[in-house]
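Visitor: I would like the atomic coordinates for the input below:
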Amino acid sequence: MNKKELIKQYKQAVQPMGVYQIKNLSSGRIFIGSAQDLRGRLNSNRFQLKNGSHFNKDLQKDFDEIGEDGFLFEVLDYLKPKEEMAVDYKEELKVLEEMWLDKLEPYEEKGYNTRKKQGG
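Guide: This next block holds a predicted model:
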């Protein structure tokens with residue numbers, strides 16, 4: 001197999017990664033997150049919410065009250081895989097997620113995310 005075929009195979013093997021949201025359809029509140037395996041992360045969030053074990057207590061409370069049909073789980077943005085094989089996408093995902101957080105501001109009454117503390 002030549003390099004071009006290997007790269008193509010690698011790109012096809014990489015799970016879709018990027019930024020997702022969980023939206024409360026009645027209040028419009030949203031939760032924004034990012035993942036290297038979007039399908040897996042969305043399934044994991046759905047599973048945790050159904051089982052009452054989600055780390056975000058506000059989101060869990062609303063999910064318990066409204067039910068799964070009251071929420072939309074969707075991908076907002078994809079991160080395209082690079083041609084290099086051993087790339088760590090964590091930093092790129094963090095930047096992409098920050099862009100969406102800045103754009104949508106899913107805090108307080110608008111969402112379930114908590115603001116990052118400024119400074120160190």
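Visitor: Let me see the contact set for residue 109.
Guide: Counting by C-beta atoms under 8 Å, 6 or more residues apart in numbering, residue 109 makes contact with residue 29. (Each C-beta comes from the backbone N, C-alpha and C, glycine too.)
Visitor: how close does it sit to residue 28?
Guide: Per C-beta to C-beta, to the nearest Å, residue 109 is found 9 Å from residue 28.
Visitor: Would you mind measuring from residue 80 to residue 96?
Guide: Following C-beta to C-beta, the distance that separates residue 80 from residue 96 is 11 Å.
Visitor: what about the two, which has more around it?
Guide: Neighbour tally, residue 80 and residue 96, criterion other C-beta atoms under 10 Å: the higher count belongs to residue 96, 19 against 11.
Visitor: May I ask you to confirm that that one belongs to a strand?
Guide: No: Residue 96 is assigned helix when assessed by DSSP: H, G, I helix; E, B strand; the rest coil, not a strand.
Visitor: And for it, nearest residue in space, chain neighbours not counted?
Guide: Spatially, and ignoring its direct neighbours in sequence, residue 96 is nearest to residue 19 (5.4 Å; C-beta to C-beta, 6 or more residues apart in numbering).
Visitor: what's the answer for residue 46, then?
Guide: Taking C-beta to C-beta, 6+ apart as the measure, residue 46 lies nearest to residue 73, with 6.2 Å between them; neighbours along the chain are not counted.
Visitor: what's near enough to touch the one you found?
Guide: Counting by C-beta under 8 Å, 6+ apart, residue 73 touches 20-23, 42, 45-46.
Visitor: what's the closest of these to residue 62?
Guide: Proximity of those to residue 62, judged by C-beta to C-beta, is greatest for residue 22, which lies at 10.0 Å.
Visitor: what's the burial count for that closest one?
Guide: Using other C-beta under 10 Å, residue 22 has 25 neighbouring residues.
Visitor: Helix or strand for it, just tell me which one.
Guide: Per DSSP states H and E: residue 22 is located in strand 17-24.
Visitor: what residues does that strand touch?
Guide: For strand 17-24, contacts defined as C-beta under 8 Å, 6+ apart pick out 29-38, 41-42, 45, 59, 62, 66, 70-79, 81, 89, 93, 96-97, 100, 104, 106, 112.
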